[in-house]
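**Q** here is my input; please provide its structure:
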Amino acid sequence: MTIIAILIALLILLFTGIPIFAGLTLFGGGLLLLVQGNFGSVVSIIFGELNHYLLVAIPLFALMAHIMIRGKVVDDLYDAAYTFTRHLPGGLAVATILACTVFAAISGSSVATALTIGAVAIPQMLRYGYEPRLAYGVVAAGGTLGILIPPSGPMILYGITTDTSIGGLFIAGIIPGIIMALVFMAWAVFRCSRAQTHIKRDPRATGAEMLQALRKSIWSILLPIFVLGGMYLGVFTATEAAAGGVWLALFVTVVIYRSIGWRDLWASAQDACRLSAMLFMILAGATVFSHVLTKMRVPQQIVESLVAMDVGAMGFIAIMMLLILVLGMFLESIAIILVTMPVILPAMIQLGIDPIWYGVLLVINLEIALITPPVGMNLFTIKAITNTTLGPIIRGALPYVALMAAVLILVLLVPSLALWLPQTMLGR
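**A** Purely as a prediction, here's the structure:
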C-alpha cells in the first residue's frame, strides 16, 4: 500500500503542471526529510549518477540529429522513398513511413521525426487526395518509430537506470522496429486501397529514376548504417558511435550538401544543449526519488509481494504493460521510465526477466503513449503542423494503436525477436 500511496501522490503533483524534474526532486526530497530528518548525501548521490560517461551519448546523438535536420537532408530522403513506392496504393503513405523509419535512425526522437517528416509529407498527401485523418494518422504513427529504432533517447535513459548495455538495447530495437514499420506500411496500403476518395498514383519509377533517387539519398541512409553497424560489429561503443555520427553528419551537411553554415551549427549545438540539460535535470530528480524509495525499502517490499502472489515473469510483465499503458496516457515517456524502473528493477532481477527484452517491450508501450490522448505528444505535434483540431488526428491514429498493441504482444510471446540480434552481437 505504501508504494501505491506514494505513486498516487506523485502523479497528482505531476498533473498540476509542475515541471517533471521539479516534481521528482521536491517530492523525493520531502519524503527523504520525513524519513531520516535531513537530506544526507543527496548531492553526492546526484553527482555520482550524472558523472557517467554513457550520458555523453545523449547530447552527441541530439547534436547529430539537429545537424541533419538543419542540413535539410530529409528532403532527398523523402523523395527517394516516394520514388520507390509511388506506384503502390497509398504510395505516399508508404513513403512517409519508410522515410520515418530511416529518419528515426538519425534523430532518436519521435517528436522530431513526426515534425520533420510531417512538415513535408502531410501537405503532399493532401494534394494527392488523401483523407486528412488518414494523412495525420500515418505521420503520427510513423513518428513513434523514433524511439524504437536506434539511436533512442529513452533507451539510453533506460540503459543507464537499469545498468543495461545501451548497444544491446539499440540492436534489440532493430527487428521489432522493422516489423512495426512493415505492419504500418501494410495497413496504409490496405487502407488507401479502400479509401472512398480518389487518391492520385504516379506510374512506377524506372530503374534509372530509382538509381538517381538512391544516389541523392545515400548519405542519409549510410549514417544509421555507420552508427548501428559499428556497434554491432564491436568497432565502437554507443558513446563512440554518437561521436562518430556527429562527425559524419558534419561531413555530409558541410562538405557534401553544403547546406549548413556556422549559424546553423551554433543553433544545432544550442538545441542539443537544451535537450540534454532538460534530460539531465529530470535524471537528477529521479535519482533523489529512487534514493528515498530504497531508504524506505519499497523495492524490497514489492519483490516480497510478488513472490507471495506467485504471478511469475509473464504475469509480472503483463501487469506492468497495462500499468504503463495507463500511465502513458498522462505522463511523458522519460518520466515513466525514471519513476517506474527504480521501483520494479529488483523484482525483474528476482523473476529472471531479461532487461533488454523488457526494455524493448517498454519502448513499444511508450510508442503507444505517443499517440493516445490526452497527452499524446505526436498528436499535438501534428496539430501544430496542420493547425487543425485534435479530433481527426486522434481518429486517424487510433488504428495504429491497435497495430502497435499487436506487435507488443508478438514481441512478448516471441522474445527472440528482440534478443536474437543482441545475442549474436555479444557473441562476437
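
**Q** Leu275 versus Val74, what's the distance?
**A** In this view, Val74 and Leu275 are 18 Å apart by CB to CB, to the nearest Å. Heads up, the C-betas are built off the backbone N, CA and C, glycines and all.

**Q** neighbour count: these two, which is higher?
**A** Val74 (23 against 20; other CB atoms under 10 Å).

**Q** for that one, helix, strand, or coil?
**A** helix (DSSP: H, G, I helix; E, B strand; the rest coil).

**Q** in the stretch 151-300 of the chain, where is pLDDT below threshold?
**A** Where the stretch 151-300 of the chain drops to pLDDT under 70, the residues are 196-197, 298-300.

**Q** all helices of it, in order?
**A** For the stretch 151-300 of the chain, the helices defined by DSSP state H, counting those that start in this stretch cover 153-162, 166-172, 174-193, 207-232, 238-250, 262-295, 298-309.

**Q** most neighbours per residue, which of these?
**A** Of all those, helix 166-172 has the most neighbours on average by mean count of other CB atoms under 10 Å, namely a mean of 26.

**Q** residues touching it, excluding its own?
**A** Helix 166-172 has contacts (CB atoms under 8 Å, 6 or more residues apart in numbering) with 54, 57, 150-152, 155-156, 158-160, 228, 231-232, 237-238, 241, 356-357, 359-360, 418-419, 421-422, 425-426.

**Q** go again using 7 Å as the cut-off
**A** 54, 57, 150-151, 155-156, 158-159, 228, 231-232, 237-238, 356, 359-360, 418-419, 421-422, 425-426 (CB atoms under 7 Å, 6 or more residues apart in numbering).

**Q** centre of the chain to that helix, how far?
**A** Relative to its chain's centre, helix 166-172 lies at 13 Å (CA atoms, centre = their mean, to the nearest Å).

**Q** wait, what's in contact with the closest residue to Gly90 other than its chain neighbours?
**A** With sequence-adjacent residues excluded and distances taken as CB to CB, 6 or more residues apart in numbering, Gly90 is closest to Cys192, at 2.7 Å. Going by CB under 7 Å, 6+ apart, Cys192 touches 89-90, 93, 199.

**Q** nearest to Thr16, of the helices of the stretch 151-300 of the chain?
**A** Nearest of the helices of the stretch 151-300 of the chain to Thr16, taken as CB to CB: helix 262-295 at 15.2 Å.

**Q** now that closest one, how far from the centre of its chain.
**A** Its chain's average C-alpha position is 16 Å from that of helix 262-295, according to CA atoms, centre = their mean.

**Q** the inter-axis angle of that helix versus helix 153-162?
**A** Angle, helix 262-295 to helix 153-162, by axes from the mean of the first three to the mean of the last three CA atoms, to 10 degrees: 40 degrees.

**Q** just checking, what packs against helix 262-295?
**A** Applying 3 or more CB pairs under 7 Å, 6 or more residues apart in numbering; DSSP states H and E, one finds that helix 262-295 contacts helix 20-36, helix 42-50, helix 57-70, helix 333-351.

**Q** pLDDT score assigned to Ile20?
**A** At Ile20, the predicted lDDT confidence score is 69.

**Q** go on, Ser107?
**A** For Ser107, the predicted pLDDT is 76.

**Q** same deal with Val307?
**A** pLDDT recorded at Val307 is 63.

**Q** quick check, Lys72 in contact with Ser259.
**A** Yes - using CB atoms under 7 Å, Lys72 is in contact with Ser259, at 5.2 Å.

**Q** most tightly surrounded among the helices and strands packed on helix 262-295?
**A** It is helix 57-70: most buried of the helices and strands packed on helix 262-295 by mean count of other CB under 10 Å, with a mean of 25.

**Q** so where's the stretch 301-428 of the chain shaky on pLDDT?
**A** Using pLDDT under 70, the stretch 301-428 of the chain drops low at 301-304, 306-307, 330-331, 374-375, 426-428.

**Q** do you know how far Val73 is from Gly30?
**A** Val73 sits at a distance of 47 Å from Gly30 (criterion: CB to CB).

**Q** so which residue is dead centre in this protein?
**A** Ile147 (1.5 Å; CA atoms, centre = their mean).

**Q** tell me who's in contact with that residue.
**A** By CB under 7 Å, 6+ apart, Ile147 lies in contact with 110, 153-154, 333, 363, 366-367.

**Q** same check on Val339?
**A** 10, 286.

**Q** any idea how far it lies from Leu77?
**A** Val339 sits at a distance of 35 Å from Leu77 (criterion: CB to CB).

**Q** and the host helix or strand of Ile394, what does it pack onto?
**A** Here Ile394 is covered by helix 390-413, with elements defined by DSSP states H and E. Packed against helix 390-413, as judged by 3+ CB pairs under 7 Å, 6+ apart, are the following elements: helix 132-144, helix 174-193, helix 355-369, helix 377-386, helix 416-426.

**Q** again, 8 Å this time
**A** Contacts defined by 3 or more CB pairs under 8 Å, 6 or more residues apart in numbering; DSSP states H and E place helix 390-413 against helix 132-144, helix 174-193, helix 312-327, helix 355-369, helix 377-386, helix 416-426.

**Q** now the third one, how far from the centre of its chain.
**A** In this view, helix 312-327 has its centroid 19 Å away from the chain centroid, taken as CA atoms, centre = their mean.

**Q** now do the buried residues in that helix.
**A** Buried residues in helix 312-327, counted by 16 or more other CB atoms under 10 Å: 313, 316-317, 320-321, 324-325, 327.

**Q** same question for the last one.
**A** Residues of helix 416-426 classed as buried under the neighbour-count rule (16+ other CB under 10 Å) are 417-419, 421-422, 425.

**Q** now that helix against helix 390-413, angle please.
**A** Angle between the axes of helix 416-426 and helix 390-413 is 60 degrees (criterion: the same axes, to 10 degrees).

**Q** repeat that for the shortest one.
**A** Interaxial angle of helix 377-386 relative to helix 390-413 (the same axes, to 10 degrees): 150 degrees.

**Q** and for the fourth one?
**A** Taking the same axes, to 10 degrees, helix 355-369 and helix 390-413 form an angle of 160 degrees between their directions.

**Q** put the alpha carbons of helix 355-369 into PDB.
**A** Coordinates of each C-alpha in helix 355-369 appear next as PDB, following Å, rounded to 0.1, in the frame of the first residue of the first chain:
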ATOM      1  CA  PRO A 355      16.400  -6.400 -19.100                       C
ATOM      2  CA  ILE A 356      17.000  -6.000 -22.800                       C
ATOM      3  CA  TRP A 357      13.700  -7.800 -23.700                       C
ATOM      4  CA  TYR A 358      11.800  -5.800 -21.100                       C
ATOM      5  CA  GLY A 359      13.400  -2.600 -22.400                       C
ATOM      6  CA  VAL A 360      12.100  -3.200 -25.900                       C
ATOM      7  CA  LEU A 361       8.600  -4.100 -24.600                       C
ATOM      8  CA  LEU A 362       8.600  -0.900 -22.500                       C
ATOM      9  CA  VAL A 363       9.600   1.300 -25.500                       C
ATOM     10  CA  ILE A 364       6.900  -0.200 -27.700                       C
ATOM     11  CA  ASN A 365       4.400   0.600 -25.000                       C
ATOM     12  CA  LEU A 366       5.800   4.100 -24.800                       C
ATOM     13  CA  GLU A 367       5.300   4.400 -28.600                       C
ATOM     14  CA  ILE A 368       1.600   3.700 -28.000                       C
ATOM     15  CA  ALA A 369       1.600   6.500 -25.400                       C
END
